[in-house]
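# Can you look at this prediction? I've put the sequence above it.
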Amino acid sequence: MIATERLHGIMAEFDSPDALVHAVHQAREAGYRMVDAYSPFPIENLSEALEIRDSRTPQMILIGGIVGGISGYLLQYYTMAVSYPINVAGRPYNSWQAFVPVVFELTVLTAAIFGVVSMLAFNGLPQPYHPVFNVPKFERATRDGFFLVIGASDPLFNREATERFLKSLGARGVTDVPE
């Protein structure tokens, strides 16, 4: 038996995606908040059952696009009107119509960079190690395993009570997840 201080949580294995979603609903209704689920493929209602909130990534993409567009415009304005003004066929120095292609490209490029970086940051990636990798059965999560983990940091977590609760949900097996 692993001491609670060294325990990441308790993992339960289920037979089907429906059983996993049902177990997640039951765990959330029981008051558990540090709940995570793993499956070999996306399950339609699992994210709603886990109550995963919306990401801030779209907001970061918008901010990146605005920053890129403004910086593209200011770069060209500074170059054409301040740093190196050349009168070409009597056109004004601030000829914004000619700036559109560069502004568009910098908007898209900066938004894409902000999107990738924020997605990696908000998802906690890269994550080469996670305590669930210590459980031998977890290798089935990429083939045919459906797993529910209740974290030891959950306020309601009690090793024996949580294990009984997971077994009552019809889990195929319940295993400790060491740190």
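Arrived safely, thanks for sending. Numbers count the residues shown, from 1 in each chain.

# The longest helix along the chain packs against which elements?
Identified as the longest helix of the chain according to DSSP state H is helix 96-122. Packing partners of helix 96-122 (3 or more Cβ pairs under 8 Å, 6 or more residues apart in numbering; DSSP states H and E): helix 57-77. The C-beta positions use only the backbone N, C-alpha and C, and glycine is treated the same way.

# Pick out the residue nearest the middle of the protein.
Geometric centre of the chain, nearest residue: Asn123, 3.3 Å, by Cα atoms, centre = their mean.

# That one and Asn45, how far apart?
Distance, Asn123 to Asn45, using Cβ to Cβ, to the nearest Å: 21 Å.

# again, but for Gly151
Distance, Gly151 to Asn45, by Cβ to Cβ: 21 Å.

# Report the residue spans of the chain with pLDDT below the cut-off.
1-5 (pLDDT under 70).

# what packs against the longest strand belonging to the chain?
If you go by DSSP state E, the chain has its longest strand at strand 7-14. Packing partners of strand 7-14 (3+ Cβ pairs under 8 Å, 6+ apart): helix 17-30, strand 146-151, helix 159-168, strand 173-178.

# partners of that strand, with directions?
Here strand 7-14 is paired, per DSSP bridges, with strand 146-151 (antiparallel), strand 173-178 (antiparallel).

# thinking Pro17 is in contact with Phe147, fair?
No - judged on Cβ atoms under 8 Å, Pro17 makes no contact with Phe147 at a distance of 11.5 Å.

# Of these two, give the one with the bigger neighbour count.
Legend: neighbour count by other Cβ atoms under 10 Å for Pro17 and Phe147, higher for Phe147 (25 against 18).
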